[in-house]
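Student: Build me a model:
(one chain, ligands or ions: 1)
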Amino acid sequence: MADFVGAVDQGTTSTRFMIFDHSGAEVARHQLEHTQIMPRPGWVEHDPAEIWERTRTVVETTLRRAGLGVTDLAALGLTNQRETTVVWNRRTGRPYGNAIVWQDTRTDRIAAALDRDGRGDVIRHKAGLPPATYFSGAKLQWMLDHVDGLRADAERGEALFGTTDTWLLWNLTGGVHVTDVTNASRTMLMDLQTLDWDDELLGFFGIPRPMLPEIRPSSAPDPYGTTTAGGPFGGELPVTGILGDQQAATVGQVCFAAGEAKNTYGTGNFLLLNTGTEIVRSKAGLLTTVAYQFGADPAVFALEGSIAVTGSAVQWLRDQLGIISAAADSEVLAAQVDDTEGCYFVPAFSGLFAPYWRSDARGAVVGLSRFHSGAHLARATLEAICYQSRDVAQAMEQDSGVRLEVLKVDGGVTANDLCMQLQADILGVPVSRPVVAETTALGAAYAAGLATGFWRDTGELRANWHESKRWTPSWTEDRRAGGYAGWRKAVQRTLDWVEVD
Ligand code: ADP
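Tutor: Okay, the predicted model is just below:
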């Protein structure tokens, strides 16, 4: 009887493999970074062969170090950086070029054109997404338009498309071409209603259907495939869970009821609110996405607020301004003062994502006087992370009518106690962090383990969730309202700063 479940977390900067036991506790892990390839300004690529190689190594190393073999595992789950687009040849298995990463903006003209002739509104309605460089559809169109011979191969079903979940599944299983609904919901090519590729959307981007993977649930009692004996597991293991990374964190945080939300604080922030089986179309600047689909159950949807710059603003204090030497020092410096004294920092380095979606915005520090110091700026940086999250949380309440009762958090920035206290103060609701911080890999393991009966139901997963720390609001309503009014004013100052066509 296998005692563990494995999960591969293929992220933007690294790939890790983790093993969890029945209580959801981590048993072993190994992690390796891969190269960020930036051939031109605005372009970001990954080498799919390198990602597969890293995956092999982290799996083999973890199993060896833990003294475990494939028979100790009940199932394998995959989770991945979303939207990043890979195309490879069905016969040779070789990629047609580097993967185009979600951050890559080379498709800005393709995306802008969609809004000029009404196609944008169809995409918003069917796919739940605003046309943007962020999503896979335009990236795939770019490849079809620029790689010699690719379109002909794609039409014959010789060339295959996938996000990195699909690429790894293909390699692990020796040729299964499948993705899950959550990843498919980030392409601008899937209709949220039918949960299938949509011919009208495919037509907008000129994408041949034969190159697309089959869309399956996120948790699959009938496995997507089985790992091959020649692969890193050295034997057959059913692959039964796939989730995009933010959706996996939502599952890892056991947000299984409508109205439950989690906020992940990394380079950027991603707040997802479970809206149940209802598709809520945003009027307030959020995305509609599939949260998960378990087996034959109906899909569960989410509203998502994506914020481009949060933890990376702390990196900016460290790397560009040099006022701290490590990210954790931001807490020490900010704690030297107990108020920013009217100073706000809006880190709109590459425009503003949700809920504003303004590419003409640029960063600003406002409200400065001679009195202000680096400590005030550090505190304003932490507050900016929290105010941006409040903007998104407020948009969610507007769209869904649900008032957050508690915000579950995870990610690197949540190590910052002061920042989490500020989040509770600025939001006016308690903030809660779980014991297992690796919610993304855990969510993929949960999806896989639910499919095989390793975990019986979501009730059992809920029982695995334990709070490690809670921060409760301490500001008066007046302070909270005054602080937020100042933030909204500061955001206005950053808009309409650069020209965009
Ligand atoms: P990602 O998965 O996006 O790479 P992580 O969850 O690993 O992100 O978090 C990394 C981010 O968290 C970095 O941007 C870093 O600046 C920030 N960070 C890490 N520790 C702290 C801290 N103690 N205080 C503030 N920010 C932090």
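Student: got the residues of the stretch 251-400 of the chain near the ligand?
Tutor: 266-267, 311-312, 314-315, 327-328, 330-331 (Cβ under 6 Å from any ligand atom). C-beta: built from backbone N, CA, C; applies to glycine.
Student: Mark which of the residues you listed are buried, thanks.
Tutor: 266-267, 311, 314, 327, 330-331 (16 or more other Cβ atoms under 10 Å).
Student: tell me the least confident of these?
Tutor: Of all these, Thr267 carries the smallest pLDDT score, 85.
Student: If we ignore the residues flanking it in sequence, what's nearest it?
Tutor: Using Cβ to Cβ, 6 or more residues apart in numbering and skipping the chain neighbours, the partner closest in space to Thr267 is Ser312 (4.7 Å).
Student: what about the residue located most distally from the centre of the chain, is that helix, strand or coil?
Tutor: Ranked by distance from the centre of the chain (Cα atoms, centre = their mean), the top residue is Arg370, with 40.0 Å. Secondary structure assignment for Arg370 (DSSP: H, G, I helix; E, B strand; the rest coil): coil.
Student: for the protein, what are the low-confidence residue spans?
Tutor: 500-501 (pLDDT under 70).
Student: Pull up the residues of it that are close to the ligand.
Tutor: Counting by Cβ under 6 Å from any ligand atom, the chain sits next to the ligand at 11, 13, 266-267, 311-312, 314-315, 327-328, 330-331, 411-413, 415-416, 419.
Student: change it to 5 Å
Tutor: 266-267, 311-312, 314-315, 327-328, 330, 411-413, 415-416 (Cβ under 5 Å from any ligand atom).
Student: The residue in the stretch 301-450 of the chain that the ligand sits nearest to: neighbour count?
Tutor: Of all residues in the stretch 301-450 of the chain, Gly412 sits closest to the ligand, with a separation of 2.1 Å (Cβ to the nearest ligand atom). Applying other Cβ atoms under 10 Å, we find 16 residues neighbouring Gly412.
Student: Let me see the contact set for it.
Tutor: The contact partners of Gly412, taken as Cβ atoms under 8 Å, 6 or more residues apart in numbering, are 265-266, 311, 327.
Student: My understanding was that Gln398 contacts Lys283; is that so?
Tutor: Yes: contact criterion Cβ atoms under 8 Å: Gln398 and Lys283 qualify, at 7.3 Å.
Student: Looking at the two, which one has more neighbours?
Tutor: Gln398 (14 against 9).
Student: Would you mark the buried spots in the helix or strand containing that one?
Tutor: In this assignment (DSSP states H and E), Gln398 forms part of helix 374-400. Across helix 374-400, burial judged by 16+ other Cβ under 10 Å covers 374-396, 399-400.
Student: got a list of what Ile323 touches?
Tutor: Contacts of Ile323 by Cβ under 8 Å, 6+ apart are 317, 333, 374, 377-378.
Student: From Thr105, how far out is Glu438?
Tutor: 30 Å (Cβ to Cβ, to the nearest Å).
Student: ok, back up a step: which one among the contacts of Gly412 gets closest to Ser474?
Tutor: Tyr265 (19.9 Å; Cβ to Cβ).
Student: I'd guessed the closest one sits against Thr310; true?
Tutor: Yes: counting by Cβ under 8 Å, Tyr265 does reach Thr310; the two are 5.8 Å apart.
Student: So for those two, which residues contact both of them?
Tutor: Here Tyr265 and Thr310 have 385, 413 as joint contacts, going by Cβ under 8 Å, 6+ apart.
Student: Which residues are in contact with the residue in the stretch 101-250 of the chain that the ligand sits nearest to?
Tutor: Closest residue of the stretch 101-250 of the chain to the ligand, Cβ to the nearest ligand atom: Asp245 (8.3 Å). Going by Cβ under 8 Å, 6+ apart, Asp245 touches 9, 11, 79-82, 440.
Student: most surrounded residue in these?
Tutor: Thr79 (36 neighbours).
Student: pretty sure it is in contact with Thr250, am I right?
Tutor: No: checked against Cβ under 8 Å, the pair Thr79 and Thr250 is beyond contact range at 11.0 Å.
Student: which residues do the two both contact?
Tutor: Counting by Cβ under 8 Å, 6+ apart, the shared contacts of Thr79 and Thr250 are Gly443.
Student: Cys386: what's it in contact with?
Tutor: Counting by Cβ under 8 Å, 6+ apart, the residues that Cys386 touches are 419, 422-423, 425-427.
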